[in-house]
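# prediction below, plus the sequence it came from.
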Amino acid sequence: MTYTSSLLRLLDERGYIHQLTDPAGLDQLAATQIVPGYIGFDATAPSLHVGSLVQIMMLRRLQQTGHKPIVVMGGGTTKIGDPSGKDESRKMLTPEGIAANIASIHTIFERFLSFGDGPTDAIMVDNDEWLSQLGYIDLLRTVGPHFTINRMLTFDSVKLRLEREQPLSFIEFNYMILQAYDFRELALRHGCRLQMGGSDQWGNIVNGIELTRRMEGREMFGLTTPLLTTADGAKMGKTAAGAVWLNDEALPAYDFWQYWRNADDRDVGRFLRLFTDLPLDEIARLEALPGSEINAAKVVLANEVTKLCRGAEAAAAAEATAAATFAGGGLGQDLPVLDLPAEGLTIVDALVGIGFAASRGEAKRLIAGGGAKVDGEAVADEAFHIAGGAERRISSGKKKHGILRPN
RNA sequence: GGACAGGUGGCCGAGUGGUUAAAGGCAGCAGACUGUAAAUCUGCCCGCGCAAGCGUACGCUAGUUCGAAUCUAGCCCUGUCCA
């Protein structure tokens, strides 16, 4: 359908919408008044990763089109240990740990949203504020009557688990109730009307809408984003080295930049629309670049996303490093550095020391496979000794480069 | 509480007394080809050691055995069904 509100038009054009509870109703609302909308985030780690970036960008779009973003940190739910990750039972975090994580995550949101007290300023709240006050009996009495087990069993999150004969613990089963409670609470406290989230959140969101309607008689809206995978089917934001973290302390800007620079050809247009503010016609031009020219678009993508997440300076530095390293065959200053003692280092120690190999055995295998290079020359001998005294370039394969620097 | 099934390397999954550091697949790393892409083909893929080899590893603990992932006992955990 075609939307009249700038919010839905923008979200639609850029590919954020997967499911929407009442398109016409929300469109109408967004066209006529400020819509406070929320997304919930986990507080289990000091940083969010690329997997959360779509959600962050949605809040940004919300604000860009004149609405109010509400960032909800799951401090309360983290306390219990959100089990929806299923296989790894998460470690219990101390209240201090959770508070520190929230503070750290806040720094990311500051780059994407403008916070304050104004009508369309973003706010961040912690669901611990209300959840920790909640008594079990109270919760049962106020919320319990509005949920039937029959219905809860029909939600995909539950149904799929049962069908696959996977364990579903009681707390997990209750999680949707807490989240529904959050939505209602946000409606009361902040006039929240909209909850957004990934497609796996659909059931939870719908529950919140129902609960709020039944208890408060308020009409609420829900919107989910498509499950984001890369073109080859992998979940976004996961690499061998681990998650692609948004925080600078968790992942160097150069590595972050490289993640985007190495995007699959087929993903470039979609990513540009979702993760950058570039105008659509410019994106259309970039994604249509033929053959290897698409690389220019990947550089733009890497620059834009890095700029948003890490700042313009970090983006420029990462780009310069990449240019020097790949095009120039030289060394960029953002590459990882290892001290090179005057007497030199063995190739194995250097590879392990700079982090290109996890163990000496792995380093030797890398050498045996022909992937280890010093100053661009393949090293075949695992006993090879790198002389000290000058800056050397060490590489694992074609993409991982580092500096050995005399100290 | 009872009956049954099961717990193997990052994941999935074979193995049911020795030739098993454990088939196969996925993921990952590297090489070739390229465009720091994809697809494809090739090699590698627990740690230490130049190596012979050593050390760890098949839920936990104790045992049987020359020898156990494989057998026994107890325990823990998960699922299905019954109470």
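Nice, I can see it.

# ok, residue A:323 - contacts?
Neighbour list for residue A:323: residue A:332 [criterion: CB atoms under 8 Å, 6 or more residues apart in numbering]. Bear in mind the C-beta positions are built from the backbone N, C-alpha and C, glycine included.

# go with 10 Å
A:299, A:330, A:332 (CB atoms under 10 Å, 6 or more residues apart in numbering).

# where exactly do the helices run in the stretch 301-407 of chain A?
Secondary structure of the stretch 301-407 of chain A (DSSP state H, counting those that start in this stretch): helices at A:312-322, A:347-353, A:360-368.

# would CSV of those helices with mean neighbour count be doable?
Converted to CSV, those look like this (neighbours: other CB atoms under 10 Å):
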stretch, mean neighbour count
helix A:312-322, 18
helix A:347-353, 22
helix A:360-368, 16
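
# isn't residue A:70 right next to residue A:36, touching?
Yes - when contacts are counted by CB atoms under 10 Å, residue A:70 is listed as touching residue A:36 (5.8 Å).

# burial check on the closest residue to residue A:337 other than its chain neighbours, number of neighbours?
Of all residues beyond its chain neighbours, the one nearest residue A:337 is residue A:403 (4.7 Å), with distances taken as CB to CB, 6 or more residues apart in numbering. For residue A:403, the neighbour count with other CB atoms under 10 Å is 20.

# from RNA strand B, how far out is residue A:403?
Separation of residue A:403 from RNA strand B (CB to the nearest atom of the strand, to the nearest Å): 16 Å.

# list the residues that contact that residue.
With CB under 10 Å, 6+ apart, residue A:403 has these contacts: A:325, A:331-340, A:354, A:391-394.

# with residue A:343 instead?
A:385, A:387-389.

# looking at chain A, which helix or strand does the model trust least?
strand A:238-239 (a mean of 66; mean pLDDT, DSSP states H and E).

# picking up where we left off before, between the contacts of residue A:323, which has the most around it?
Of the contacts of residue A:323, with other CB under 10 Å as the count, residue A:332 tops at 19 neighbours.

# leaving out sequence neighbours, find the closest residue to that residue.
residue A:321 is the one closest to residue A:332 (CB to CB, 6+ apart), at 2.6 Å.

# any part of stretch A:271-280 near RNA strand B?
No - using CB under 7 Å from any atom of the strand, stretch A:271-280 stays clear of RNA strand B, with a minimum separation of 11.9 Å.

# in that stretch, what's buried?
Residues A:271-276 are the ones in stretch A:271-280 that count as buried (16 or more other CB atoms under 10 Å).

# what is the nearest of these to residue A:185?
residue A:274 (29.4 Å; CB to CB).

# name the residues of the stretch 301-407 of chain A found near RNA strand B, please.
A:322-323, A:325-326, A:358-362, A:365-366, A:369-371, A:382, A:396-400.

# returning to that earlier point: any idea which of the contacts of residue A:323 is closest to residue A:112?
Nearest member of these to residue A:112, counting by CB to CB, is residue A:299, at 21.7 Å.

# and the closest one, what is it in contact with?
A:257, A:260-261, A:286, A:319, A:322-323.

# on that earlier part again, save the contacts of residue A:323 as JSON lines, and put in pLDDT too.
As requested, the contacts of residue A:323 are exported to JSON lines (pLDDT from 0 to 100):
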{"residue": "A:299", "pLDDT": "96"}
{"residue": "A:330", "pLDDT": "70"}
{"residue": "A:332", "pLDDT": "80"}
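
# send me the biggest helix by length in chain A as CSV with only the CA atoms.
The residue-count maximum for a helix in chain A (DSSP state H) belongs to helix A:170-190. The C-alpha trace of helix A:170-190 is given here as CSV (Å, rounded to 0.1, in the frame of the first residue of the first chain):
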residue,chain,number,x,y,z
PHE,A,170,8.7,-21.8,32.4
ILE,A,171,10.6,-18.6,32.5
GLU,A,172,10.9,-18.6,28.8
PHE,A,173,7.2,-19.2,28.5
ASN,A,174,6.6,-16.2,30.8
TYR,A,175,9.0,-14.0,28.9
MET,A,176,6.3,-12.8,26.5
ILE,A,177,4.1,-11.8,29.4
LEU,A,178,6.8,-9.6,30.9
GLN,A,179,7.4,-8.0,27.5
ALA,A,180,3.7,-7.4,27.1
TYR,A,181,3.7,-5.8,30.5
ASP,A,182,6.5,-3.6,29.4
PHE,A,183,4.5,-2.3,26.4
ARG,A,184,1.5,-1.5,28.6
GLU,A,185,3.8,0.2,31.1
LEU,A,186,5.4,2.3,28.4
ALA,A,187,1.9,3.3,27.2
LEU,A,188,1.0,4.5,30.7
ARG,A,189,4.3,6.2,31.5
HIS,A,190,5.3,7.7,28.1
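
# hmm, what's the outermost residue in chain A?
What lies farthest from the middle of chain A is residue A:343; by CA atoms, centre = their mean that is 43.5 Å.

# distance of it relative to residue A:385?
9 Å (CB to CB, to the nearest Å).

# how about residue A:142?
From residue A:142 to residue A:385 the distance is 72 Å (CB to CB).

# repeat for residue A:5
In terms of CB to CB, residue A:5 sits 67 Å off from residue A:385.

# who's more crowded, the two?
Higher neighbour count among residue A:5 and residue A:385: residue A:5, with 19 against 13, using other CB under 10 Å.

# doesn't residue A:61 make contact with that one?
No - counting by CB under 10 Å, residue A:5 does not reach residue A:61; the two are 11.7 Å apart.

# any common contacting residues for these two?
A:11, A:67.

# could you list the low-confidence segments of chain A?
A:79-92, A:160-167, A:233, A:237-242, A:328-329 (pLDDT under 70).

# map the structural domains onto the sequence of it.
A:6-225, A:252-328, A:337-406 (the TED database).

# JSON lines for those domains, including distance to residue A:243?
As requested, the domains of chain A are exported to JSON lines (distance: least, CB to CB, whole Å):
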{"stretch": "domain A:6-225", "distance to residue A:243": "4"}
{"stretch": "domain A:252-328", "distance to residue A:243": "10"}
{"stretch": "domain A:337-406", "distance to residue A:243": "17"}
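
# no further queries at this time; thank you.
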